[in-house]
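1. Sequence plus predicted model, see below.
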Amino acid sequence: MKAAGKYTQKMWDAIASIYEDTITHPFVVQLAKGTLDKNNFAHFLSQDILYIKDDNLALDLVAEKAPNKSEKQFFQMLAKDGLDIEKALHNEFLKYFDIEEAEKKSPAIEKYTSFLLNHSENSVFALAAAALLPCFWVYNSVGNHILTIAEADNEYQMWIDTYHSEEYEHYTQRFIDIVERLASEADEELYQEMLKAFTLSTQYELDFFEEAMKK
């Protein structure tokens, strides 16, 4: 997934080292090979469900800040689709992988979701959108990377297959386009805040993989 212009390109360039650490992280490499310990995957999957719940709420909050009907509907649609993903993870994937539901958020997920919800509630639309973008852009890119290196007959193939979706690709590109427009209209101070939020969210994505490997 490519940047939509010079502003989102600068944002992607700013997280290049974090992204490289992410795609070479043992969690990602072992997941693709099918050698990831089930306990590590169980922590990731059960916590991901809790993350998505708060992410959906953040998207709904951001939708209310949208300056036009089209973007309002876009973020509402992302939140709705997130609920469908949450249900699928809860009803299908936990059962398929024989994983118990998490009762409370882990430290990494608590920190990440608090960050997103705080921006969604208290920041201007542009800044809140920039904070939420890595969940789509970085995760989509990592997923596509996993698809290219995944071993055949992988124990986690059912999960890996979820990364491939033309609809998700379309959503991600639309999100990038929106943030590019917002960044182009922002003054330098706001853009720097957007850049900072985008970078922190990307780091939180990596921190989640790191936490999962310690379980």
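-> Now that the structure is in, tell me what you want to look at. Numbers count the residues shown, from 1 in each chain.
2. So for the one residue sitting closest to the centre of the chain, what's the pLDDT?
-> Closest residue to the average C-alpha location of the chain: residue 135 at 1.8 Å, with Cα atoms, centre = their mean. According to the prediction, residue 135 has pLDDT 93.
3. do the same with residue 215
-> At residue 215, pLDDT is 78.
4. ok, now residue 64?
-> 96.
5. From what I see, the residue nearest to the centre of the chain and residue 55 are in contact.
-> Yes. Counting by Cβ atoms under 8 Å, residue 135 touches residue 55, with 6.1 Å between them. Where you see a C-beta, it was placed from the backbone N, CA and C, and this is true even at glycine.
6. May I ask which helix or strand encompasses the residue nearest to residue 76 when sequence neighbours are not counted?
-> Distance criterion Cβ to Cβ, 6 or more residues apart in numbering; nearest residue to residue 76, sequence neighbours excluded, is residue 63 at 4.6 Å. Residue 63 belongs to helix 38-65 when elements are defined using DSSP states H and E.
7. coming back round to it: who are the contact partners of the residue nearest to the centre of the chain?
-> 55, 116, 201, 205 (Cβ atoms under 8 Å, 6 or more residues apart in numbering).
8. What strand or helix carries it?
-> Per DSSP H and E: helix 125-149 holds residue 135.
9. Could you pull out the buried residues of that helix?
-> For helix 125-149, a neighbour-count test (16 or more other Cβ atoms under 10 Å) marks 125-143, 145-146 as buried.
10. For the next helix-or-strand element following it, name the packing helices and strands.
-> Using DSSP H and E, the helix or strand that follows helix 125-149 towards the C-terminus is helix 157-160. Other elements packing on helix 157-160 under the criterion 3 or more Cβ pairs under 8 Å, 6 or more residues apart in numbering; DSSP states H and E are helix 26-33.
11. Other residues contacting the helix it packs on?
-> Counting by Cβ under 8 Å, 6+ apart, 22, 36-37, 40-41, 44, 142, 145-146, 149-151, 154, 156, 159-160, 209-210, 212-213 sit against helix 26-33.
12. can you rerun that using 7 Å?
-> Outside helix 26-33, the residues within contact range by Cβ atoms under 7 Å, 6 or more residues apart in numbering are 22, 36, 40, 142, 146, 149-151, 156, 209, 212-213.
13. Just want the angle from it to helix 38-65.
-> 110 degrees (axes from the mean of the first three to the mean of the last three Cα atoms, to 10 degrees).
14. Helix 26-33 - what's its average pLDDT?
-> 96.
15. Using CSV, write down the CA coordinates of it.
-> Only the C-alpha atoms of helix 26-33 are listed here, as CSV (Å, rounded to 0.1, in the frame of the first residue of the first chain):
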residue,chain,number,x,y,z
PRO,A,26,10.3,-13.2,15.7
PHE,A,27,6.5,-13.2,16.2
VAL,A,28,5.9,-12.3,12.5
VAL,A,29,8.7,-14.6,11.2
GLN,A,30,7.5,-17.6,13.3
LEU,A,31,3.9,-17.0,12.4
ALA,A,32,4.7,-17.1,8.7
LYS,A,33,6.7,-20.3,9.2
